[in-house]
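Engineer: Sequence plus the predicted model coming up.
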Amino acid sequence: MREHHGNDAETGAAARRLGVTSKTLQRWDRCGTFSPLARSPTGLRLYSETQIAERIGLQSRPARYRIIAYCRVSSAAQKPDLRNQRRVLEEFCTARRLANVEFIEEIGGGLNFKRPRLLELTDAIGRGEVRTLVLAHRDRLTRIGYEWFEHIAHEHGCELPY
């Protein structure tokens, strides 16, 4: 990383310019989707004005609309159920003539809201990238708070057919 120059934006300022929270920028850095150009001597993430402008440009471009089928089981012992869930969703998507469906498979509890694939999915919906989210059953996404998730998805142009 390069040295800190006075015109670099720290995390909070960069987050405000991008319309996201500081936590989102930190998560993007950890995931490698948007990393700082440098760090200050005290470890603060620093973003250049050029980086921010390019990211704003990427965010304002029309996103490729994705169709995602999400499968989840609670434990590794339920892997056969995960395969069956995917098969059922594949049949559903074929019957509905949904093409180019991306499948997300995850093992983790329905009360755990820090599941990596769930967070990636939530971020993609928040960016307006997901047109359709297909689930075998709503509790596969989350055990509680489904109505809240459904509301947020609809607000960002994502439909959840049954």
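Structural biologist: Done, it's in. Residues are numbered from 1 along each chain as shown.
Engineer: Which neighbouring elements make contact with the helix or strand of the chain with the lowest mean pLDDT?
Structural biologist: Ranking every helix and strand in the chain by mean pLDDT, DSSP states H and E puts helix 49-60 at the bottom, with a mean of 76. On a contact count with 3 or more CB pairs under 8 Å, 6 or more residues apart in numbering; DSSP states H and E, helix 49-60 meets helix 11-18. C-beta here means a position set from N, CA and C on the backbone, and glycine is covered the same way.
Engineer: ok so, going back, and the contacts of the least confident helix or strand of the chain?
Structural biologist: 7-9, 14, 17-19, 34, 37, 127 (CB atoms under 8 Å, 6 or more residues apart in numbering).
Engineer: now the angle between helix 11-18 and it, please.
Structural biologist: Computed with axes from the mean of the first three to the mean of the last three CA atoms, to 10 degrees, the direction of helix 49-60 lies at 40 degrees from that of helix 11-18.
Engineer: Quick one: name whatever helix or strand follows helix 49-60.
Structural biologist: strand 66-73 (DSSP states H and E).
Engineer: That following strand packs against which elements?
Structural biologist: helix 79-95, strand 101-107, helix 116-126, strand 130-135.
Engineer: Residue 146 is nearest to which of these?
Structural biologist: strand 130-135 (9.3 Å; CB to CB).
Engineer: Run the chain-centre distance for the closest one.
Structural biologist: Mean-position distance between strand 130-135 and its chain equals 12 Å (CA atoms, centre = their mean, to the nearest Å).
Engineer: quick revisit: from the chain's centre, how far out is the least confident helix or strand of the chain? Work that out for me.
Structural biologist: 19 Å.
Engineer: coming back round to it: would you list the buried entries among the contacts of helix 49-60?
Structural biologist: 8-9, 14, 18, 34, 37 (16 or more other CB atoms under 10 Å).
Engineer: quick revisit: closest to residue 153 out of the helices and strands packed on strand 66-73?
Structural biologist: helix 116-126 (5.3 Å).
Engineer: what is the rounded mean pLDDT of the closest one?
Structural biologist: Regarding helix 116-126, the rounded mean pLDDT is 89.
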